[in-house]
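Participant: how would this look folded up:
(chains A and B)
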Amino acid sequence: MPYAIEMKHIRKEFPGIIANDDINLQVEEGEIHALFGENGAGKSTLMNVLFGLYQPDEGEIYVHGKKVRIADPNDANRLGIGMVHQHFMLVEKFTVAENIILGREPTIHGRLDMTKAVKIVSDLSEKYGLDVDPMKKVEDITVGMQQRVEILKTLYRGSDILIFDEPTAVLTPLEIKELIDIMKRLVKEGKSIILITHKLKEIFEACDRCTVIRRGKIIGTIGIGETNPSDLADMMVGRKVNVRINNAPYEPKEKVLEIRDLTVLDSRKVKAVNQLNLTVHGGEIMGIAGVDGNGQTELVEAIAGLRKVKEGAIEINGNDVTNHKTRKIIEAGLGYIPEDRQKHGLVLDFSIGENMVLQTYYKKPYAFAGVLNNKVISKKAKQLIHEYDVRTPGEKTLARSLSGGNQQKVIVAREVDRSPQLLVAAQPTRGLDIGAIEFIHGKLLEEKEKGKAVLLVSFELDEILHLSDRIAVIFEGRIIDIVNPKETNENELGLLMAGRKKEEAQA
Amino acid sequence: MSILEVLAIIVPSTLLTAAPLIFTALGGVFSERSGVVNIGLEGLMSVGAFTAAIATLFLEHAGFGNASPWIAILIAAVAGAIFSLIHAVVSITFRADQTVSGVALNFLAAGLTIFLVKLIYNGNGQTPYIAHNINKISVPVLSNIPIIGPIFFQQVTYTSYLAIFVSFVVWYIIFKTSFGLRLRSVGEHPAAADTLGINVTRMRYIGVMLSGFFGGIGGAVYLVTITANYNVSTIAGQGFLALAAMVFGKWHPIGAMGASLFFGFAQALSITSQQIPYIDRLPSVVMMVAPYVLTLIVLTGFVGRAEPPKADGIPYIKGQR
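Facilitator: Purely as a prediction, here's the structure:
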């Protein structure tokens, strides 16, 4: 039987970089095939070639054994190739049904036949078990449902080969599980799936085979039954990866952060943080575990002075910083790795160098009498780029053009280099590949060893369990328990995060 | 003077001055819904008015009589569409800044039309007056209805009714047809449209050229119903009012029509103020600036959260994050 997709000797070059170099990929009919590699390894480029968004410089593509030329997404659609994009391609102002039929609308004499459209969507949604509300606007539905809309778009066009580009990056753990179920159901219905990912867990849960790609080259294709997570991770990164971390012993020092009876409102004026108390000491990593939306974001923003504190007090090193200006708080000893690196962490259209002095640009030696000293800034940036292994042509490169992992390294470099007494890290490794995660974890641990206080907020329980010295469980804006990571496990934490008491959780 | 009599003066005048704004604002809706900011509406109206003047004069001479201004409107529409191609090429194909391109369009139109007028009329700064205007009429039968008749159906031009009717047609096209869905999709999320095989460039060209088409009609209607000749100050500010009406109308055809009627009303007030008790005592300069002051007040205070199409003003580059 011919392959559903066969790509031979694909080469794609961009100015200054070879994104794909002599790539061969074979996807069998009816399998879930993982395309596994680090951020910026060339996975998305390869799939954009397959979907007709890019033209390869060299190479051939075969679909169901027939040689084809894919000039644009229309060609890909005709060949039955559909793509679920990493950044959803949905018009937020349109309804679910409008998004699905767009470009291939049912009409009566030129008039949109929305009744028919809704019916088609409902039927498809039922057939594949993809729950959506056809009449709702996309801006009003959850991320999980938006993704189902993306999948339905491809199914509506009759695709039998589906490309999923890092589909789990934006999903909650529950939604990830649902997605994997959906993919398995689609395969049963006769579809073939290519899953682009850098998460090992998903590969072992969902896939049949896996092709590893590193720096634009194919490393190999392997059956999931014939390998294990650790080997696969080494294959991807190209060296031995430390999955377990060497955590120095827990020797707490004096109080650095003290939060008393803190109440913070969210944007809808609802109490997101409610009478919360928390103390973090020097020389410890305090992990905050909780389901998304239980006040983590608001807590962190309140500490950083980005959101107003309604009641209560925040002290850093014994200085009250409640409702102080962010710059004052930073000068009091705060380092902050924000949750949304593109929105709050970087000025995307500034150079890496400029981004690296965002908190210190006004001080000597970076500025004198209000004039920036670019020489010193460049020198500093070069040093940090080297120290933190930021992969970039140079410090003049715009932050926008970096991959996610390297953007995050720029932020970590900036925050950690100032060596603040308190480092608040919100989702510091979200969306990053194993290599970058390992690096950032190492930096957090170094800070702890230096005797600094680290507050780590993460939805990844693995991360919380591996790094923290103490874990505070947040639920509905309060810390409902503080547990020792050595004496707990994912199950117990999961129950605590759902609001159960410890006794119940242990029972 | 009774309220009824005041209304019978103001409403027809409102309808008259609103018609050019409605057409032009509808043009703006097409362009911006497709994702191209069009500040050049003023220039498009100038080209429309100029073309209408020349065409009407020519057609009158050729013996078309009362049909002349109507045919001239159509010719002006085509001229507007062709002129808008400059904006399309510059801002869509070459991805230049759309605001700058629109401003350039305005300057170009102002300069070019007056240059041509001087060239054609031996150095004269204005065209002769056209002989066949589209005149104010009283609509048979309807104008005899008590109360409503004198207010809405006497002393009006057919172009006003046409403008209101066309607003509904445009609403239907934009919100009820597959063409409209595609047009809006490239204005909101061109990359999404592209992955679904919709030709973003083509849709945007159509959007901009429709704005030229309707802007041309707007300018032409202004000429054949109100000024009757073309000179440097004919379109002074009308295109910008239409632009404001489009924003005030939240990029919605019916909204744009309503806003145009409001601005028409403001202009009507200043034109008819001498006939209306109490208002006639205000200095005329107050009434002259009234439309623009009202525009400012409305735009700053009453628009509320008007969200433009998401990709409005952003050139589309394939494959960019």
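Participant: From now on I want contacts and neighbour counts done on CA atoms only, so please keep to that.
Facilitator: Fine.
Participant: how about the residue nearest the centre of chain B, secondary structure?
Facilitator: What sits nearest the mean C-alpha location of chain B, by Cα atoms, centre = their mean, is B:T24, with 1.9 Å. Classification of B:T24 by DSSP: H, G, I helix; E, B strand; the rest coil places it in helix.
Participant: Then A:L179 would be within a strand, right?
Facilitator: No - according to three-state DSSP, A:L179 belongs to no strand; its state is helix.
Participant: Distance check, it against A:G190.
Facilitator: To A:G190, A:L179 is 17 Å away according to Cα to Cα, to the nearest Å.
Participant: more crowded one of these two?
Facilitator: Each of A:L179 and A:G190 has its neighbours counted (other Cα atoms under 10 Å in any protein chain shown); A:L179 has more, 20 against 13.
Participant: Okay, that one and A:L130: tell me how far apart.
Facilitator: Distance, A:L179 to A:L130, by Cα to Cα: 9 Å.
Participant: Give me the pLDDT value at B:Q267.
Facilitator: Looking at B:Q267, its pLDDT reads 85.
Participant: That one against B:P12, yeah?
Facilitator: No - the criterion here is Cα atoms under 8 Å, and B:Q267 misses it with B:P12 at 11.8 Å.
Participant: Do I have it right that A:E311 meets A:L265?
Facilitator: No - checked against Cα under 8 Å, the pair A:E311 and A:L265 is beyond contact range at 9.7 Å.
Participant: number of nearby residues for residue 239?
Facilitator: Picking chain A for this. By other Cα under 10 Å, neighbour count at A:R239 equals 11.
Participant: To clarify, I was referring to chain B.
Facilitator: Per other Cα under 10 Å, the neighbour tally for B:G239 reads 27.
Participant: Over to B:E42?
Facilitator: Count around B:E42 with other Cα under 10 Å applied: 31.
Participant: mind listing what B:V47 touches?
Facilitator: B:V47 makes contacts with B:A76, B:A79, B:G80, B:F83, B:A109, B:T113, B:G216, B:G219, as judged by Cα atoms under 8 Å, 6 or more residues apart in numbering or on different chains.
Participant: taking those one by one, which sit in helices?
Facilitator: Here DSSP state H is the test, and these give B:A76, B:A79, B:G80, B:F83, B:A109, B:T113, B:G216, B:G219 as lying in helices.
Participant: Dump those to a markdown table, plus neighbour count and pLDDT.
Facilitator: Converted to a markdown table, the ones in helices among the contacts of B:V47 look like this (neighbours: other Cα atoms under 10 Å in any protein chain shown; pLDDT from 0 to 100):
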| residue | neighbour count | pLDDT |
| --- | --- | --- |
| B:A76 | 34 | 98 |
| B:A79 | 22 | 98 |
| B:G80 | 32 | 98 |
| B:F83 | 22 | 97 |
| B:A109 | 22 | 96 |
| B:T113 | 22 | 96 |
| B:G216 | 40 | 98 |
| B:G219 | 36 | 97 |
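Participant: check contacts around B:I71.
Facilitator: So B:I71 contacts B:T56 (Cα under 8 Å, 6+ apart).
Participant: What of A:I224?
Facilitator: Counted by Cα under 8 Å, 6+ apart, A:I224 has contacts A:I203, A:F204, A:C207, A:D208, A:R209, A:C210.
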